[in-house]
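Q: I'd like to go over a predicted model; first the sequence, then the structure.
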Amino acid sequence: MKKFKLAILSLLSTALVLNTIPFAVSSTSTDVLSGANADLDYVYIEGEDTDDNVTSESENNDNKSFEAFGEENNDSQYIYMGMDEKFTEVYFDVEDAINYESNEDDEDDEDDEDDEDDEDDQITWEYNDGDSWRTLSLDEDTVDNFKKLGTHSISFDTPSAWEKSSYNEKSEYWIRASLEQEVDEGVEIEQISALVYNVSVSVETNKGQTLTNLSKSNFSVSNPIDTKIYAFDQEDSNTYNLALQTETTNDDYTIMVTVDGYMQVGVQATDVDTDMQNLSVELNQTTGCSDPFVDTDFHWAQTAVNNLYCRGIVDGESNVFMVNHSVTRGEFLKMALVNADVNVDKYATFDVPFADVDESDWEYKYVSSAYQLDVIDGDSYYYSDGDISRVEALTILVRLAGIETDQTSTRFTDVDNSDWFASTVRSATDYDVVEGYTDGTFRPDNMLTRGESAVMVDNAFSAWYQEK
C-alpha cells in the first residue's frame, strides 16, 4: 500500500530551496505529488491559437513536461484544471520557472519597470459557478506566480457557489489560472496533482437528529494501518467531506466516528478512489444508566423516557411511567424547566396571580418560575392538575428556549398562518422538536400523553441545550 506524506508548505517571499519540498514520496510512475491524493481528471492549456489537452503530460511524474503561458501565445493564457469531485489544493512540479523579463528597449526607467513588473507578474485564479468565472480566494500560495522551481501548491476553501460546468464538453468542477501579460519564457510543468474530497459521511443519532459542528478530530481512518485524513470540509448541517488517499488496490478503509457521549461507530469505505463515496453512520448515546420503568419496554417513547430519567428530569420512585396516560400541566411545566436547567428555587417565594396555586403546593416554585420568566401568562387560575394540549406544551418549550420566529407558515394542514400559535409550531418543527401525524395534521388541541411529553422535552434538550 502506498503512503503519501503531507508536504509542509509555507508562504515565503524568497525562493524556496529546491530540496526542501520533495517531488513525490517515491519514484514510481503512479505517484502523485507529496501532499496530494489524486491526479487531475483534465488539464487544458488555452491561448490565442491553442486549446491543448495536456492531461497525460501533467500526470504520474513521467518526465513529460508541458509549457504554459508561453511566448507564442502572449495575448491571453490559461491553465484549466477539472475534477469530477470538489478539490481543495493543487500541487505543481515546476521544472523551468517562468521568465517575466521585460522586452522594452528603454532601460532608463528601471525603477518604473520594476514597479510595473510587481503589478503585472500576477497569476489570476478563478473557479466556475456554473455560469461564469469568479475569483478564487486562496488560503495559501507557494507557487508565487510560477517563479520558483520545485513542488509548490495553492490551497483554498471550496467555494459554496462552486458548481460543475462544461469546458471542452467535459462537465467538471473547474478552476483556471490566467496570465494576460507578455513573457520571455513560459513555465515548464512536469506534473500537477490535487487534493480531492472522495468520501462523504452523514452523521445522525439513533433518534434521527443531526450532529452539527463536528471537526476533523471526530473522524479517523484505519485500513488496518492508520492513514490520515488529508482534508476535511463540512458540506451541510450533518454531512462531512473527507479527502483520503486514493488506492489502485481493492483495500478498504474503516472510518471511525467518535463523539463525546455517543458510542464510537465505524463504517467501511470500499475501494477508495477519486469518485465520491457517500456513507452514513448512526450514533447511540452512552448514558451509563437505564430507567426502572417496566411499561416503557419496546414503547416508541422508551429512548426519550430513559434519557429523561438518566438526566434527572423524571424520578424512578415508581416502576411504571404511565407512558400512555395524560400529563398534567404542572408535571409538564416541571419537566420543561428542569430540562432547561432553570434554578427554580430562586423563584420559590415570588408571588403568582393564580388562585389555585398555593405556596404549600409542590408545583408552586415551578409555576412561579415560569410566570416570572414570561413562559406562562397571568390569569385567575393555572389548573396544575388539568391536562395540557400539544400547542400549550410547545409554547412553554419555545418560550423557554427564546427562539420563536416570525415565520408562520407550516407544513400542517390544520395550522393556519393566522393562528396565534403558528409561529410557535414553525419554530419547533424547524428544530425537529415535534412532528405531525402521518395524515399531515398537527392536532394542536390534542391532549398530550406522558410518552409524547417525554419525546418533546428530550427533543428540546437535543435541539437547544445539549453541548454539541
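A: Received the coordinates, thanks.
Q: break the protein into its domains for me.
A: According to automatic domain parsing, the chain comprises the domains 18-195, 199-283, 302-465.
Q: and the last one, what's its mean pLDDT?
A: Here the mean pLDDT over domain 302-465 is 93, rounded to a whole number.
Q: mind checking the end-to-end distance for it?
A: End-to-end distance of domain 302-465 (C-alpha to C-alpha, to the nearest Å): 21 Å.
Q: kindly report the same for the shortest one.
A: Looking at domain 199-283, the gap from its leading to its trailing residue is 19 Å under the measure C-alpha to C-alpha.
Q: any idea how far it is from the chain center?
A: Offset of domain 199-283 from its chain centre (C-alpha atoms, centre = their mean, to the nearest Å): 12 Å.
Q: for it, what is the average pLDDT?
A: 82.
Q: okay if I get the domains of the chain as JSON lines plus mean neighbour count and distance to Asp291?
A: For the C-beta atoms, the positions are set from N, CA and C on the backbone; glycine is no exception. What follows is the domains of the chain, written out as JSON lines (neighbours: other C-beta atoms under 10 Å; distance: least, C-beta to C-beta, whole Å):
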{"stretch": "domain 18-195", "mean neighbour count": "17", "distance to Asp291": "44"}
{"stretch": "domain 199-283", "mean neighbour count": "16", "distance to Asp291": "16"}
{"stretch": "domain 302-465", "mean neighbour count": "18", "distance to Asp291": "4"}
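Q: which of those domains sits closest to Pro292?
A: In terms of C-beta to C-beta, the element of the domains of the chain nearest to Pro292 is domain 302-465, at 4.4 Å.
Q: and the closest one, how far out from the chain's middle?
A: Mean C-alpha position of domain 302-465 versus that of the full chain (C-alpha atoms, centre = their mean) differs by 31 Å.
Q: how about the helices of the stretch 351-468 of the chain, start to end?
A: Secondary structure of the stretch 351-468 of the chain (DSSP state H, counting those that start in this stretch): helices at 364-372, 390-401, 422-430, 450-460.
Q: surely Val201 is within a strand?
A: Yes. Looking at Val201 with DSSP: H, G, I helix; E, B strand; the rest coil, it is inside a strand.
Q: does it touch Val265 like I think?
A: No. Taking contacts as C-beta atoms under 8 Å, Val201 lies outside contact range of Val265: 10.1 Å.
Q: overlap in contacts, the two.
A: Val257, Val281 (C-beta atoms under 8 Å, 6 or more residues apart in numbering).
Q: partner residues bridging the residue nearest the centre of the chain?
A: With distances taken as C-alpha atoms, centre = their mean, Gln234 lies nearest the centre of the chain, 2.1 Å away. Gln234 has the following beta-bridge partners by DSSP bridges: Tyr240.
Q: distance check, it against Asn241.
A: Distance of Gln234 to Asn241, computed by C-beta to C-beta, to the nearest Å: 8 Å.
Q: ok, now how distant is Cys289 from Asn319?
A: To Asn319, Cys289 is 15 Å away according to C-beta to C-beta.
Q: no, scratch that, I was asking about Tyr381
A: 34 Å.
Q: again with Ser222
A: For Ser222, the distance to Asn319 equals 44 Å [C-beta to C-beta].
Q: how about Glu57?
A: From Glu57 across to Asn319, the span is 75 Å (C-beta to C-beta).
Q: same check, this time on Arg426
A: When Arg426 is compared with Asn319 (using C-beta to C-beta), they lie 39 Å apart.
Q: same question for Val203.
A: Per C-beta to C-beta, Val203 is found 35 Å from Asn319.
Q: what of Ala161?
A: 57 Å.
Q: list the residues that contact Lys170.
A: Applying C-beta under 8 Å, 6+ apart to Lys170 gives the contacts Asp41, Tyr42, Gly82.
Q: again but with Ala401, I slipped
A: Contacts of Ala401 by C-beta under 8 Å, 6+ apart are Ala340, Ala460, Ala463, Trp464, Tyr465.
Q: mind putting these into a markdown table with distance to His152?
A: Output for the contacts of Ala401, formatted as a markdown table (distance: C-beta to C-beta, whole Å):
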| residue | distance to His152 |
| --- | --- |
| Ala340 | 53 |
| Ala460 | 51 |
| Ala463 | 46 |
| Trp464 | 47 |
| Tyr465 | 48 |
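Q: which pair in these spans the largest distance?
A: Ala340 and Ala463 (11.5 Å).
Q: quick one: contacts for the nearest residue to Tyr230 once chain neighbours are set aside?
A: Leaving aside its chain neighbours, Tyr230 sits nearest to Ala243 (4.1 Å; criterion: C-beta to C-beta, 6 or more residues apart in numbering). When the contact criterion is C-beta under 8 Å, 6+ apart, the partners of Ala243 are Asn37, Phe87, Thr88, Leu195, Val196, Tyr197, Asn198, Val199, Ile229, Tyr230, Ala231, Phe232.
Q: ok, now with 10 Å
A: 36-38, 85-89, 194-199, 228-233 (C-beta atoms under 10 Å, 6 or more residues apart in numbering).
Q: quick one: Gln454 from Glu282, how far?
A: Not Gln; residue 454 is Ala. Computed as C-beta to C-beta, the Ala454 to Glu282 distance reads 21 Å.
Q: got it, and Trp420?
A: 38 Å.
Q: next: Tyr262.
A: 10 Å.
Q: identify the contacts common to those two.
A: Listed as contacting both Tyr262 and Glu282 by C-beta under 10 Å, 6+ apart are Val203, Thr205, Asn206.
Q: dump these into a markdown table; add distance to Thr441 as well.
A: Formatted as a markdown table, the shared contacts of Tyr262 and Glu282 follow (distance: C-beta to C-beta, whole Å):
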| residue | distance to Thr441 |
| --- | --- |
| Val203 | 31 |
| Thr205 | 26 |
| Asn206 | 26 |
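Q: doesn't Ala370 make contact with Val342?
A: Yes. Val342 lies in contact with Ala370 (C-beta atoms under 10 Å); the separation is 8.5 Å.
Q: between these two, what contacts are shared?
A: Taking C-beta under 10 Å, 6+ apart as the criterion, Val342 and Ala370 both touch Ala336, Leu400.
Q: list the contacts for Pro159?
A: Counting by C-beta under 10 Å, 6+ apart, Pro159 touches Lys86, Tyr127, Asn128, Asp129, Arg134, Thr135, Leu136, Ser137, Tyr173, Ile175.
Q: go with 8 Å
A: Tyr127, Asp129, Arg134, Leu136, Ser137.
Q: isn't the second one right next to Trp162, touching?
A: Yes. If you go by C-beta under 8 Å, Asp129 and Trp162 touch, sitting 6.5 Å apart.
Q: need the three-state assignment for Glu163.
A: Judged by three-state DSSP, the three-state class of Glu163 is coil.
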